[in-house]
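# next input, structure requested:
(chains A and B)
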Amino acid sequence: MTTRILENVRIIDPSQQMDETGSIIIENGKIAAIGSSARNQGAPDGAEVINCNGQIAVPGLVDTRVFIGEPGSEYRETIASAGKAAAKGGITSIVTMPDTNPVIDDVALLQFIQRTARDTTDIHVHPASAMTKGLNGKEMTEFGLMMEAGAACITDGRKTLHNAAVIRRAMTYARDFGALIACETEDADLAAGGMMNEGLLASWLGFSGIPKEAEIIPLERDVRLAELTGANYHAAKISVPQSSKVIRRAKDKNLNVSAGISINNLTLNEVDIGEYRTFFKLSPPLRSEEERLAMVEAISDGTIDVICSSHDPQDVDTKRLPFPHAAEGAIGLETMFAAALRLHHSEQVSLSRLVEVLSTKPAELYGLDAGSLRVGASADITLFDLEMPWVHYKDEIVSKSKNSAFEDARFTGKVLATIVNGQTIYSDQ
Amino acid sequence: MSFPHRHLLGIKGLSEPDIFYLLDKAEEAVKLSLQREKKTSTLRGLTQINLFFEASTRTQASFELAGKRLGADVMNMSVGNSSVKKGETLVDTAMTLNAMHPDMLVVRHSSAGAVALLAQKVGCAVINAGDGAHEHPTQALLDALTIRRMKGTVGRLTVAICGDVLHSRVARSNILLLNALGARVRIIAPRTLLPTGIEQMGAEVFSSMKEGLKDADVVMMLRLQRERMEGAFVPSVREYFRFFGLDAEKLSYAKDDALVMHPGPMNRGVEIASEIADGPQSVIEQQVEMGVAVRMAVMETLMLASGRN
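Below is the predicted model:
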């Protein structure tokens, strides 16, 4: 039996309303005791005792929206390289999106991801199943078999289902298997040709914009269908306050509806695009500063449940192009937590709420064994220094692709160690 | 004074003195172009490459002539989509050309921001000859020069810009330039052809030609692309011409001596009636003449600023 003890550590665990200094005792990869009550219990022979000097431990972070290049575009990111990037960012569980080549729409492919993850990375990798075959927006995948094989959720990834009848049937069918339906919502016609948030800035740059209605209209449709079908629906990446209102109304009606947001939409705005910086070409687009602030408020007030990185590796072949031709997306595994801590340092969101939306809540919604440091839970722990300043230099990016929207960004708060099943898989040395 | 910019990527960022500097320089070039001997040796030994990713006979000819009159060696590259089809990216094309040590690159591209991207990657001066719906700075400068020569000033004049502002780089550059010089800018167009936030771009917006042209000193018409005429943005050519095409009746609302301008190429009978395009108030041909002068001024100025002449 191996025992590891984290001593003198401040523990923040929203799953048990804990914010106290004490010890974490890990036995065989599980939490054996935790909190101030776990102090001075005496270490068994051979136990490894780590003095954390008052630094903070939280349940390992859970990122529910990660795009990876494997299979199909391994030069952009493999499961192994994404795992390293995640570990550096304090993330211990990721949900991978099915938009790969081939699309993850079949049990064998789902198992390919699971096997590759088992063999090549230390973090927990939970593949999502495509909602429709080949993401074609028409025929359902085998939700039952996919869920049985361990799919984290049903999603068509970046694609918004165009056909309301298809999504209605998918919701109806998914319900019997307890599957979470996670959707991005962008009306392809309203957003057609749009390069960034619609508004004055886009107009001066010579771009047609993506109006917020392109997000709200399919979201309202989906929420109505969730009400009709009783589905467990997750709006994966909302970006405007009107969308929060839709979610708020659904929650007030006790619908099984939740929402997520990309860290980018919480910490950046459209002005960051400057003179055509393609690393800031994102989906949903970066919105105005007022809208960003409203979304931060929606995190605090409980309307939005999840912050995701929306990690989307792109190489120079898809980013070093004129803005209209460049692909959308930015990497984010390494910076999601540090960027989120900005919301704590600016006193807009409490630390425990941040941990809740970065770990406890996503784990709960996606049904993962994560997000909690309760006795008996897997010892997935993120240890960090809340006040350490650092700069995110391009040369230090672990991810295979370097398209970070936080290149050269200054952060306060750094991950010191990432622990999965009791083992330290990353250490900031 | 000197000119504090290395490239001309847009009117944005130019001050009023910068603009006057270029216009004054262009006046000298106008004189030169009227002489029998039109060629100088100002830019002798320098290489100018015209890199046109989007076809344009007129602008390319104007830049070519401007460079030749200044004595530069001019090379035209009409890239079209051929390199793009072969998979070469804009940046690769730029690096290839840069290795040939040009002194000036004149670039037109269908994507907004493409010229700025290219300018970051090359070591020479870059002149934007139009990038998507973003900017077309030499067009705005030649329009200002035309107005100034005809009216003596640009400031305090009322200039009405009519038509497809949404897709127009000419409109954006002109709005910026006219505001910088203190003119009053009006925009007249159907709402479907206006960008979001147009009211905050420094222009007064009208949906009726009668109101918008009232007492205008200058009427600038914009080209309406064919593919935008038939149902996508406006229902039909005849409806567009009826409400927004410049004919004698609509022009009568402007001042009697109002100038009529068009950046070309014109769609006669769509945005402008032939009788107006060819009429006494039209300065469309002068615009073309001023185009060469303005481009000479820009190139000479940038080469002077970079210490290359």
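
# report the contact partners of B:Val165.
B:Val165 makes contacts with B:171-172, B:187, B:189, B:193-195, B:198, B:222, as judged by C-beta atoms under 8 Å, 6 or more residues apart in numbering or on different chains. Backbone N, C-alpha and C define where each C-beta goes, glycine included.

# can you give me how far the helix or strand hosting B:Met290 is from the chain middle?
Counting by DSSP states H and E, the element that carries B:Met290 is helix B:284-305. How far helix B:284-305 lies from its chain's middle: 11 Å, per C-alpha atoms, centre = their mean, to the nearest Å.

# give the contact list for the spatially closest residue to A:Gly376 that is not a sequence neighbour.
The shortest distance from A:Gly376 to any non-neighbouring residue, by C-beta to C-beta, 6 or more residues apart in numbering or on different chains, is to A:Lys30 (6.0 Å). Contacts were defined as C-beta under 8 Å, 6+ apart; by that measure A:Lys30 touches A:376-379, A:422.

# now, of the residues you listed, which are buried?
With burial judged by 16 or more other C-beta atoms under 10 Å in any protein chain shown, the buried subset of those is A:377-379, A:422.

# tell me the one of the residues you listed nearest chain B?
Nearest to chain B out of these is A:Ser378 (C-beta to the nearest C-beta; 45.6 Å).

# that closest one contacts A:Glu27, doesn't it?
No. A:Ser378 lies out of contact with A:Glu27 (C-beta atoms under 8 Å); the separation is 11.8 Å.

# how many neighbours does the closest residue to chain B within the stretch 1-150 of chain A have?
Among all residues of the stretch 1-150 of chain A, A:Tyr75 sits closest to chain B, at 15.8 Å; criterion: C-beta to the nearest C-beta. Using other C-beta atoms under 10 Å in any protein chain shown, the number of residues around A:Tyr75 comes to 13.

# again, but for the one 5 residues further on
Residues lying near A:Ala80 (other C-beta under 10 Å) number 18.

# cool, and the one 3 residues further on?
When counting by other C-beta under 10 Å, one arrives at 27 neighbours for A:Gly83.

# now do the contacts for it.
So A:Gly83 contacts A:94, A:117, A:120-123, A:125 (C-beta under 8 Å, 6+ apart).

# can you rerun that using 7 Å?
The neighbours of A:Gly83, taking C-beta atoms under 7 Å, 6 or more residues apart in numbering or on different chains as the test, are A:121-123.

# nearest residue to the middle of the chain?
In the absence of a named chain, this looks at chain A. A:Cys308 (2.4 Å; C-alpha atoms, centre = their mean).

# how about the residues of chain A near chain B?
When proximity is defined as C-beta under 7 Å from any C-beta of the partner chain, chain A approaches chain B at A:198-200, A:203-207, A:209, A:275-276, A:320-325.

# next step: those residues restricted to strands.
Within the residues of chain A next to chain B, residues falling in strands by DSSP state E are A:Gly209.

# any of the residues of chain A next to chain B buried? List them.
By neighbour count, with 16+ other C-beta under 10 Å, these hold A:198-200, A:203-207, A:209, A:276, A:320-324 as buried.

# from those, which two are the most distant?
Farthest pair in these (C-beta to C-beta) is A:Leu200 and A:Arg320. Separation: 27.1 Å.

# residues touching A:Ser73, list them.
By C-beta under 7 Å, 6+ apart, the residues touching A:Ser73 are A:Asn101.

# cool, and A:Ile50?
Per C-beta under 7 Å, 6+ apart, neighbours of A:Ile50: A:4-7.

# and it, bridged to which residues?
Beta bridges link A:Ile50 to A:Leu6, judged by DSSP bridges.

# show me where chain B has strands.
Using DSSP E, strands in chain B cover B:47-52, B:73-78, B:104-109, B:125-131, B:158-162, B:184-188, B:204-206, B:218-221, B:259-261.

# alpha carbons of the fifth one, as PDB, please.
So the one you mean is strand B:158-162. Extracted in PDB, the C-alpha atoms of strand B:158-162 (Å, rounded to 0.1, in the frame of the first residue of the first chain):
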ATOM      1  CA  THR B 158     -20.600  68.300 -47.900                       C
ATOM      2  CA  VAL B 159     -19.800  65.100 -49.600                       C
ATOM      3  CA  ALA B 160     -22.500  62.400 -50.200                       C
ATOM      4  CA  ILE B 161     -21.300  58.900 -50.800                       C
ATOM      5  CA  CYS B 162     -24.000  56.800 -52.400                       C
END
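
# let me know the pLDDT of the closest residue to B:Ala26 other than its chain neighbours.
Closest residue to B:Ala26 apart from its sequence neighbours, by C-beta to C-beta, 6+ apart: B:Ala297 at 3.9 Å. B:Ala297 is assigned a predicted lDDT (pLDDT) of 98.

# enumerate every residue touching B:Ala297.
So B:Ala297 contacts B:22, B:25-26, B:29 (C-beta under 7 Å, 6+ apart).

# and the residue nearest to the centre of chain A, what are its bridge partners?
Beta-bridge partners, per DSSP bridges, of A:Cys308: A:Ser262.

# go ahead and confirm it touches A:Asn264.
No. Under the criterion of C-beta atoms under 7 Å, A:Cys308 makes no contact with A:Asn264, lying 9.7 Å away.

# confirm A:Ile217 sits in a strand?
No. Counting by DSSP: H, G, I helix; E, B strand; the rest coil, A:Ile217 falls outside a strand, being helix.
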